[in-house]
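> Attaching a predicted model along with its sequence, questions to come.
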Amino acid sequence: MAKTLMISNEVYNKLKRIKEKRNESFSNVLNSMIEDRPNKAYEALGKVVAVLKGDKEYDEIRKDMEKRWKEWGKRYA
């Protein structure tokens, strides 16, 4: 099913140039861009967490956060 998107002229022109260069549809261009580039913020956060794993203070804070999320979930769920 097709959907209509509102984008700025600047973004449209950039996508159009890529589309013409690759000789693909807008859908294919957007899909490949989404699949080829994972969320940078999520990726960066993963790296930070990986560095912190095993850190005593981080482990204590994480346990406390998990406990509080469970309490919050019971209260507001």
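Great, that's in hand.
> Tell me which stretches of the chain form helices.
9-22, 26-36, 40-52, 56-76 (DSSP state H).
> Next, the buried residues of the second one.
The one in question is helix 26-36. Within helix 26-36, the residues that count as buried by 16 or more other C-beta atoms under 10 Å are Val29. For every residue, glycine as well, the C-beta is placed using N, CA and C.
> got the angle between it and helix 9-22?
If you take axes from the mean of the first three to the mean of the last three C-alpha atoms, to 10 degrees, helix 26-36 sits at 90 degrees to helix 9-22.
> and if you look at the third one?
If you take the same axes, to 10 degrees, helix 40-52 sits at 90 degrees to helix 9-22.
> picking up where we left off before, Lys3: which of the helices of the chain is closest?
When the helices of the chain are compared by C-beta to C-beta, helix 26-36 sits nearest Lys3, at 10.0 Å.
> Contacts for the closest one next, please.
Identification of contacts with helix 26-36 by C-beta atoms under 8 Å, 6 or more residues apart in numbering yields 15, 18-19, 22, 24.
> Report the mean confidence score over it.
Averaging pLDDT along helix 26-36 gives 83.
> rewinding a little: which of the helices of the chain sits closest to Ala2?
Evaluated over these, closeness to Ala2 peaks at helix 26-36, with 8.6 Å, by C-beta to C-beta.
> Next, work out how far apart Lys21 and Asn31 are.
Shown here: Lys21 relative to Asn31, a distance of 16 Å by C-beta to C-beta, to the nearest Å.
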